[in-house]
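Peer 1: got a predicted model here, sequence first, then my questions.
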Amino acid sequence: MQQSENNPQRDPVLWEIAEKRASFKSHIGTYIVVIGFLWGIWFFTGGKTYGGHGIPWPMFPMLGWGIGLAFHFFGAYIYPKSNSTQREYEKMINRNK
């Protein structure tokens with residue numbers, strides 16, 4: 001891995017996007033395993049609902065973590081170049097021209 005980090009022919013912007021996408025893929029894999037495990041616990045312990053209102057308790061971590069996963073997706077695939085520091089720097093450069 002050290003060798004690829006020093007590759008002078010690699011585009012740093014594309015490398016950053018590739019890192020974000022690889023990180024997202026790892027994140028979604030972890031999400032699927034852990035949420036599947038929580039649903040398994042729920043199922044094998046009798047399928048109790050939260051407060052008797054018909055909402056299975058694994059829905060809460062699934063939705064909460066799912067929101068974070070959605071933001072990770074947007075950062076990796078929809079807006080991968082949204083580095084705010086870089087954008088602000090470019091604005092300042094353009095204003096001084």
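Peer 2: On my side now, so go ahead.

Peer 1: okay, N6: pLDDT?
Peer 2: At N6 the predicted local confidence, pLDDT, stands at 61.

Peer 1: what do you get for H72?
Peer 2: The predicted local distance difference test score for H72 is 93.

Peer 1: helix or strand: which one has it?
Peer 2: Counting by DSSP states H and E, the element that carries H72 is helix 59-73.

Peer 1: what is that helix packed up against?
Peer 2: Based on contacts counted as 3 or more C-beta pairs under 8 Å, 6 or more residues apart in numbering; DSSP states H and E, the elements that helix 59-73 packs against are helix 12-44. C-beta here means a position set from N, CA and C on the backbone, and glycine is covered the same way.

Peer 1: tell me what angle the helix it packs on forms with helix 59-73.
Peer 2: 170 degrees (axes from the mean of the first three to the mean of the last three C-alpha atoms, to 10 degrees).

Peer 1: tell me which strands and helices helix 12-44 is in contact with?
Peer 2: Packed against helix 12-44, as judged by 3+ C-beta pairs under 8 Å, 6+ apart, are the following elements: helix 59-73.

Peer 1: run the chain-centre distance for the helix it packs on.
Peer 2: Here helix 59-73 is found 9 Å from its chain centre; the criterion is C-alpha atoms, centre = their mean, to the nearest Å.

Peer 1: list the buried ones in that helix?
Peer 2: Along helix 59-73, the positions that meet the burial threshold by neighbour count (16 or more other C-beta atoms under 10 Å) are M59, M62, W65, L69, H72.

Peer 1: just the CA atoms of it, as PDB, please.
Peer 2: As requested, C-alpha coordinates have been extracted for helix 59-73 and formatted as PDB (Å, rounded to 0.1, in the frame of the first residue of the first chain):
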ATOM      1  CA  MET A  59     -35.800  -0.800  13.700                       C
ATOM      2  CA  PHE A  60     -34.300   2.000  15.900                       C
ATOM      3  CA  PRO A  61     -30.600   1.100  15.300                       C
ATOM      4  CA  MET A  62     -31.400   0.200  11.700                       C
ATOM      5  CA  LEU A  63     -32.900   3.600  11.000                       C
ATOM      6  CA  GLY A  64     -30.400   5.600  13.000                       C
ATOM      7  CA  TRP A  65     -27.400   3.900  11.500                       C
ATOM      8  CA  GLY A  66     -29.100   3.900   8.100                       C
ATOM      9  CA  ILE A  67     -29.200   7.700   8.200                       C
ATOM     10  CA  GLY A  68     -25.500   7.800   8.700                       C
ATOM     11  CA  LEU A  69     -25.000   5.300   5.900                       C
ATOM     12  CA  ALA A  70     -27.100   7.400   3.600                       C
ATOM     13  CA  PHE A  71     -24.800  10.400   4.300                       C
ATOM     14  CA  HIS A  72     -21.800   8.200   3.700                       C
ATOM     15  CA  PHE A  73     -23.300   7.200   0.400                       C
END
